[in-house]
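Asks: With the sequence up front, the predicted model follows.
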Amino acid sequence: MSPNSDQHIPASDERARAERQTMVRPMEAGQGVCLLSVSGLRCGGCVAAVERSLAELPQVVSARANLTLKQVRVILARADEDPRPVLERLEALGHEVHPVEADQQADPKGEGPGLLRAMAVAGFGAMNVMLLSVAVWSGADGAMRETFHLISALIAVPVVAYAGQPFFRSALSALKVRRLNMDVPITLAILLAVALSLFETARGGDEVFFDAAVTLLFFLLTGRYLDQLMRDRARSAVTSLAKLAPKGAMRQLADGGREWLPKEVIAPGMVLLVAAGERLPVDARIRRGATDLDRSIVTGEAMPVSAGPGTDLEAGTLNLTGEIEVEVLRPASTSFLAEMMRMLGAAEGGRGSYVRIADRAARLYAPVVHLLALVTFAGWLWVTRDWQTSAFVAISVLIITCPCALGLAVPVAHVVAAGRLMREGVLMKDGGALERLAEIDRVVFDKTGTLTTGLPKIGAGPSGREERAIAHALARGSRHQIG
């Protein structure tokens, strides 16, 4: 290739590469980190498939998928690496990919409303079909039984067609790229149960399974909706941090004028005006003015802190009293608040030993269950020579091996705990920290004020003389805010 060969590269390709390069944020070790939104993550099997596939790329150092935030964090070998292979690999797995910023908030609605509507429809169908089934079980025979079966079919088929869409879409997207996820056996079990029931209804058979198919769908949707609800609440740990940073700030111009700037374009060296009641969008240093600050997000102290010229402030700090003029130290993407959000995201996406066990189980689930159902069908067919009974037993195997418990419960517990700790003021840096907590037998706190109420007072001892002497010493010789 000649030295000038890059001149023949189309401008559109160069522009596309430059746009992709903005997805990669440089790290200290010369590596690059790329945060991507992957809305198609639905189960532990999807997470395992994404991480395993991305790890095969030579330019990828590590890849971690966060099922709660539906994001993938990819660390590249170099900061100037083109993330195109990563995007193509995710698209080949059937996922729609979008870049996200470190402080981008998740969709507050998510899939919850759609799952709730599907659950309501399935619950309506399950109740009505079950009433008809009770009539059949109670002794309805002949034309009455066939009529009840026909009415059950008229209710169950549209209910399954609508309420089963969350599972059907996920299974279809997985099969399109020739892979299996946890929704494939669920879809197969429901569709086979309905198909076998329609066949029995058409031939006037004694037993149909519309009630089992619709009731199973209702319970699965209930579990998925509750899981989504838990994840939406756990997601607030990151979004609550994002809400602490305003969308922008007022910039002081050289001619004395002012202009409002979004935080994405605020650069080091700019001068901002922060009024009372506003939070800082970036890390900055006070140039002019005096005020009281709420720095509890940084120090854990509930009491206000006085600050004046020369004081360094972190993004997310709340200005309480007077207007101040500050000089920007770092952009929003590398601010203290952005680093905290990245740290929390890494903690939620971390892998403890129990989570890794659950991931391995989820990875093996789909092929093992399908093989087990096939072996069951073949075995019963060989023994009974009755394909209907064999199909019923094989469908039962698919139904009772519901995949959600291990593959979803362990990661959900991990993420919910991280979110709860964040709301209580504890930031978890490592995903395995929760498991190591079981081995702790003592705790030492070295942060003054963390365990106080924020309302100091002199103790009521026998005379109070010793307490007053300590308070007097603090007032004279200590730089602590209580002194």
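Replies: Noted; the coordinates are in hand. Numbers count the residues shown, from 1 in each chain.
Asks: Share the number of residues neighbouring Thr321, please.
Replies: Per other Cβ atoms under 10 Å, the neighbour tally for Thr321 reads 15. For the C-beta atoms, the positions are set from N, CA and C on the backbone; glycine is no exception.
Asks: is it true that it touches Asp292?
Replies: Yes. Using Cβ atoms under 8 Å, Thr321 is in contact with Asp292, at 4.6 Å.
Asks: Please confirm that Gly114 is located within a helix.
Replies: Yes. According to DSSP: H, G, I helix; E, B strand; the rest coil, Gly114 belongs to a helix.
Asks: dump the residue contacts of it.
Replies: Residues counted as contacts of Gly114 (Cβ atoms under 8 Å, 6 or more residues apart in numbering) are Pro166.
Asks: try it again with 10 Å
Replies: Contacts for Gly114 (Cβ atoms under 10 Å, 6 or more residues apart in numbering) come out as 165-166, 225, 228.
Asks: just the buried members of those?
Replies: Buried members of the contacts of Gly114, scored by 16 or more other Cβ atoms under 10 Å, are 166, 225, 228.
Asks: packing partners for the helix or strand harbouring the first one?
Replies: Per DSSP states H and E: Pro166 is located in helix 165-176. Contact analysis of helix 165-176 by 3 or more Cβ pairs under 10 Å, 6 or more residues apart in numbering; DSSP states H and E lists helix 44-55, helix 112-137, helix 183-202, helix 210-243 as its packing neighbours.
Asks: buried sites along the second one?
Replies: By 16+ other Cβ under 10 Å, the buried positions in helix 112-137 come out as 112, 115, 118-119, 121-123, 125-126, 128-129, 132-133, 136.
Asks: tilt between it and helix 165-176?
Replies: With axes from the mean of the first three to the mean of the last three Cα atoms, to 10 degrees defining the directions, helix 112-137 sits at 100 degrees from helix 165-176.
Asks: From the contact counts, what lies against whichever helix or strand comes after helix 112-137?
Replies: Remark: after helix 112-137, the chain's next helix or strand is helix 143-163, criterion DSSP H and E. Here helix 143-163 touches helix 112-137, helix 183-202, helix 210-243, going by 3+ Cβ pairs under 10 Å, 6+ apart.
Asks: mind listing what's buried in helix 143-163?
Replies: Of the residues in helix 143-163, 145, 148-149, 152-153, 155-157, 159-160, 163 count as buried by neighbour count, 16+ other Cβ under 10 Å.
Asks: same deal with stretch 204-212?
Replies: Buried positions in stretch 204-212, judged by neighbour count with 16+ other Cβ under 10 Å: 208-212.
Asks: Could I get the full set of helices for the stretch 251-400 of the chain?
Replies: 296-299, 336-348, 353-384, 387-400 (DSSP state H, counting those that start in this stretch).
Asks: ok, so what distance separates Ala290 from Pro281?
Replies: In this view, Ala290 and Pro281 are 21 Å apart by Cβ to Cβ, to the nearest Å.
Asks: what does Leu175 give?
Replies: From Leu175 to Pro281 the distance is 45 Å (Cβ to Cβ).
Asks: ok, these two, which is more surrounded?
Replies: Shown here are Leu175 and Pro281; by other Cβ under 10 Å, Pro281 has more neighbours (27 against 15).
Asks: How about the contacts made by that one?
Replies: Pro281 is in contact with 103, 244-249, 261-264, 266, 272, 274, 315-316, 328, 331-332, 335, 337, counting by Cβ under 10 Å, 6+ apart.
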